[in-house]
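Trainee: what's the 3D shape of this:
(one chain, ligands or ions: 1)
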Amino acid sequence: VDSFESPDFYCLDDLLTAEHKLVRSAVRNFVKREITPIAEEYAQRAEFPSHIVPKFGQIGVFGATIPTEYGGGGLDQISYGLMTQEIERGDSGMRSIVSVQNSLVMYPIWAFGTEAQRQKYLPRLATGELLGCFGLTEANHGSDPGGMETNFIERSDYFLLNGSKLWITNANIADIAIVWARNDQGKVRGLIVERGLEGFTSAEIKNKWSLRASTTGELIFNDVQVPKENILPEAFGLKSALKCLEQARYGISWGALGAAMECYEVARRYALERIQFGKPIASFQLVQKKLAEMLTDITQGQLLCWRLGMLKNEDRATVAQISMAKRSNVEMALRVAREARQILGAMGISGDYPIMRHLMNLESVSTYEGTHDIQLLILGAEITGIPAFK
Ligand code: FAD
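Mentor: The predicted structure is shown next:
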């Protein structure tokens, strides 16, 4: 068995088209070649492998679902999901970059931008010539972004932007930022803020124990004069920002699956090779129980993602369905990673294997784009009609 093949216990491959399989194998080979060999080293050094950005552009993972006329891939949601799955097999930090560029930067420009904004930014974001970031969270407003303080005032020929955003993926390396801020009437709007504008600075958050190969930071706006043509005309209110998060959560549910599949494969192989009490540890019932439960978990997650992708292709996937998949698959991946870590014993904590890195990365994945509990409350609101988080 090729160790990099998926566990596919329910023959989900039968449900994929030739194009899906082609996309998956291209990204899988890319990850094998470009990400897996370096992920641990960059994570240990807490450094972002910036050389990967143009390579992501070349293989077409940026703007995968954006129409080709804007430099995108014009692919369907299953293809995109398979891409994030394969990338997160390598590293969740690398998948985070892809999620941000696709769902949080290219998507809002495509969905809420003017034709001129689409033409100006999308093709260069697709090649990786430009990298973006998404500023919604603030120091005092995480799960409740509706309380945001960042604001802008309309002046005769520009918007004057003030405030700051915290915990922003790519903050210190992004060329453009999609920034959510309140206008004079207190309404939330989206702005495209370019690096280089006076008063726009950023700072890196150090000492993370998670997503160490991805950079996270702060965006600071001090009387920044944003050109008026940089407002996203169709983005009104927080619901537009939440629409972007919906796209990202969809990709994350596939991505988490990738991390789980990698941990499972590593643990399965290790269990067959590691001898204790004169036998491979795979021959002990308790180890088999772990592997059996991991495979069951992964199979359920795969079915969930595939069906959600089909619904999304038909534009029928609801917010609550996406929340269910994000929450369930990230929790599943954390469970699988923890069991894999147990199977590897002491080796489970070593950087010679990817388990501990996946485990630590998934802790962030469980928090960002809406925490584990917030996703549950979105489901609770759907079930009961009563939003408990307000
Ligand atoms: P809080 O909102 O303070 O929540 C703390 C705890 O309280 C959580 O367990 C939460 O579930 C719980 N809680 C809060 N409210 C309720 C409630 N009503 N009922 C029950 N429990 C509740 N943000 C961006 O805008 N852009 C990015 O690119 C980005 N990248 C990130 C990268 C990383 C590595 C990380 C860690 C975060 C990133 N974030 C980003 C921020 C992320 O989205 C927030 O951390 C997240 O929304 C949670 O906000 P918070 O950390 O302020 O936690």
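
Trainee: So which residues make contact with stretch 376-383?
Mentor: 318-320, 323-324, 327, 370, 386-389 (CB atoms under 8 Å, 6 or more residues apart in numbering). Placement of C-beta: from N, CA and C, glycine included.

Trainee: In PyMOL, select just the buried ones from these.
Mentor: In PyMOL syntax, the buried subset of the contacts of stretch 376-383 is picked out as below (16 or more other CB atoms under 10 Å):
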select buried, resi 319+323+324+327+370
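
Trainee: filter the contacts of stretch 376-383 by proximity to the ligand?
Mentor: 370, 389 (CB under 6 Å from any ligand atom).

Trainee: can I get the contacts of stretch 376-383 in a markdown table with secondary structure?
Mentor: Listed next are those as a markdown table, based on DSSP: H, G, I helix; E, B strand; the rest coil:
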| residue | secondary structure |
| --- | --- |
| T318 | coil |
| V319 | helix |
| A320 | helix |
| S323 | helix |
| M324 | helix |
| R327 | helix |
| G370 | coil |
| I386 | coil |
| P387 | coil |
| A388 | coil |
| F389 | coil |
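
Trainee: ok, of the contacts of stretch 376-383, which one's closest to A235?
Mentor: Using CB to CB, V319 comes nearest to A235 of the contacts of stretch 376-383, at 17.0 Å.

Trainee: Name the helix or strand for the residue nearest to that closest one when sequence neighbours are not counted, please.
Mentor: Take V319 and drop its neighbours on the chain: the residue closest to it by CB to CB, 6 or more residues apart in numbering is E246, 5.9 Å away. Assigned by DSSP states H and E, E246 belongs to helix 238-273.

Trainee: Please work out the average pLDDT along the next helix or strand after that helix.
Mentor: Downstream of helix 238-273, the first helix or strand assigned by DSSP H and E is strand 275-276. Per-residue pLDDT values over strand 275-276 give a mean of 98.

Trainee: buried stuff in stretch 74-81?
Mentor: 75-81.

Trainee: One more: stretch 295-308?
Mentor: For stretch 295-308, by 16+ other CB under 10 Å, it's 295, 297-298, 301-302, 304-306, 308.

Trainee: what's the answer for stretch 225-241, then?
Mentor: For stretch 225-241, by 16+ other CB under 10 Å, it's 225-226, 230-232, 235, 240-241.

Trainee: try stretch 129-149
Mentor: Quick answer for stretch 129-149 (16+ other CB under 10 Å): 130-138, 141-142, 145, 148.

Trainee: got it, and stretch 357-365?
Mentor: 357-362, 364-365.

Trainee: restrict the residues you listed to those near the ligand?
Mentor: Answer for those near the ligand (CB under 6 Å from any ligand atom): S364.

Trainee: so of the buried residues of stretch 357-365, which ones are in helices?
Mentor: Among the buried residues of stretch 357-365, the residues falling in helices (DSSP state H) are 357-362, 364-365.

Trainee: just the residues you listed now: which is nearest the ligand?
Mentor: Of all those, S364 has the smallest distance to the ligand: 4.0 Å, by CB to the nearest ligand atom.

Trainee: Which residue, other than its chain neighbours, is closest to the closest residue to the ligand within the chain?
Mentor: In the chain, the residue that lies nearest the ligand is G142 (1.7 Å; CB to the nearest ligand atom). Excluding the flanking residues, the one nearest G142 by CB to CB, 6+ apart is W167, at 7.5 Å.

Trainee: Quick check, that neighbour in contact with T216.
Mentor: Yes: proximity of W167 to T216 meets the contact threshold set by CB atoms under 8 Å, at 6.0 Å.

Trainee: So the two - more neighbours on which side?
Mentor: Taking other CB atoms under 10 Å, W167 and T216 do not tie; T216 has more neighbours (24 against 18).

Trainee: How about that one: what's its closest non-neighbour residue?
Mentor: I205 (4.8 Å).

Trainee: what does the model give that neighbour for pLDDT?
Mentor: pLDDT at I205 comes out at 98.

Trainee: you'd agree it is up against N170?
Mentor: No: using CB under 8 Å, I205 is not in contact with N170, being 11.8 Å away.

Trainee: residues bridging contact with those two, i.e. touching both?
Mentor: Common neighbours of I205 and N170 (CB under 8 Å, 6+ apart) are G217.

Trainee: okay, these two: which has more neighbours?
Mentor: N170 (25 against 14).

Trainee: Give me the distance between the more buried one and D8.
Mentor: The gap separating N170 from D8 is 33 Å, by CB to CB, to the nearest Å.

Trainee: got it, and L362?
Mentor: 22 Å.

Trainee: same deal with G113?
Mentor: 39 Å.

Trainee: higher neighbour count, the two?
Mentor: Neighbours per residue (other CB under 10 Å) separate G113 from D8, with G113 holding more: 25 against 14.
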